[in-house]
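Enquirer: Curious how this folds, go ahead:
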Amino acid sequence: MNKNTVLIAGDSYAADWSSKDNSFSSWWQLLAADYDVTNIAEAGVSEYKIYQQIKSADVNQFEYVIVSHTSPYRVHTNKHPFHRQNSIHRNADLIFSDVEDWFFTSNCESTTSAYLYFLHHFDFEYYDFLYTLMRKEIDYLLQSIKYVSVDFFSCNNYDSSFNFAHIADKYPGTVNHLDCQGNEIIYEEVSKTIMAIGKENE
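Expert: Prediction:
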């Protein structure tokens, strides 16, 4: 383990958006001014791909791990109908609000099949159960690590260090879906928690 190192995994609330908007610093970039941060988060990914991020990383090389967990209702796909050429969302998965928009604005067989799956076959109870299993697997992988879990979705009932859904709703913006003030609030809360965890382990 290297001191003062942080691994960030997760979804678009933690991913690097600097190629899209760098008008102000994101919460994790503010954190990178205090710590040696490695960010492997990706926009639009399901919890399964977040699990894969963590499983593929050597988490024991980091003093802290922060995971931005996603909606339980993202459906895994290896072949996104629209985002494969998008530098930020190239590994994205499917969520109904996006699929519905694309269904009514495009003539794409892949999008149509995804829309019909959500319409006729999607089962909230099943995806809640699957999500819980994946969160438990992530907890297991990080059981010996100083781990901070964050959520930005009010529909998620799994226990986390923070649920910032109210911050995302109050301070929407263009960098990690937050404005400048929202990013600063997230940074301050996560930073205080990391420092508290560090003191507990001294």
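Enquirer: how near is Ala92 to Ile167?
Expert: Distance from Ala92 to Ile167, counting by C-beta to C-beta, to the nearest Å: 23 Å. In short, each C-beta sits where N, CA and C put it, glycine included.
Enquirer: Show me which of these two is the more surrounded one.
Expert: Shown here are Ala92 and Ile167; by other C-beta atoms under 10 Å, Ala92 has more neighbours (23 against 19).
Enquirer: so when I look at the more buried one, I'm seeing a helix, right?
Expert: No. Counting by DSSP: H, G, I helix; E, B strand; the rest coil, Ala92 falls outside a helix, being coil.
Enquirer: and it, what pLDDT?
Expert: On the pLDDT scale, Ala92 is placed at 92.
Enquirer: Mind jotting down where the helices sit in the chain?
Expert: Taking DSSP state H, the helices of the chain run over residues 27-32, 47-56, 96-105, 109-120, 124-141, 165-170, 180-200.
Enquirer: want to try CSV for those helices, with mean pLDDT as columns?
Expert: Formatted as CSV, the helices of the chain follow (pLDDT from 0 to 100):
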stretch, mean pLDDT
helix 27-32, 97
helix 47-56, 97
helix 96-105, 86
helix 109-120, 92
helix 124-141, 97
helix 165-170, 97
helix 180-200, 92
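Enquirer: out of these, deepest packed?
Expert: Using mean count of other C-beta atoms under 10 Å, the stretch among those with the largest mean neighbour count is helix 27-32, at a mean of 22.
Enquirer: Kindly export it (C-alpha atoms) in PDB.
Expert: The C-alpha coordinates for helix 27-32 follow below in PDB (Å, rounded to 0.1, in the frame of the first residue of the first chain):
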ATOM      1  CA  TRP A  27     -15.000  16.900  -6.700                       C
ATOM      2  CA  TRP A  28     -12.500  14.200  -7.500                       C
ATOM      3  CA  GLN A  29     -10.100  16.700  -9.200                       C
ATOM      4  CA  LEU A  30     -10.200  18.800  -6.000                       C
ATOM      5  CA  LEU A  31      -9.400  15.700  -4.100                       C
ATOM      6  CA  ALA A  32      -6.500  15.100  -6.500                       C
END
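Enquirer: Which secondary structure elements does that helix sit against?
Expert: On a contact count with 3 or more C-beta pairs under 8 Å, 6 or more residues apart in numbering; DSSP states H and E, helix 27-32 meets strand 2-10, strand 36-39, helix 180-200.
Enquirer: follow-up on the earlier one: dump the helices of the chain to TSV, plus distance to Asp151.
Expert: TSV is the format used below for the helices of the chain (distance: least, C-beta to C-beta, whole Å):
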stretch	distance to Asp151
helix 27-32	14
helix 47-56	11
helix 96-105	18
helix 109-120	22
helix 124-141	10
helix 165-170	7
helix 180-200	12
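Enquirer: Of all the helices and strands packed on helix 27-32, which one comes closest to Pro81?
Expert: strand 2-10 (22.9 Å; C-beta to C-beta).
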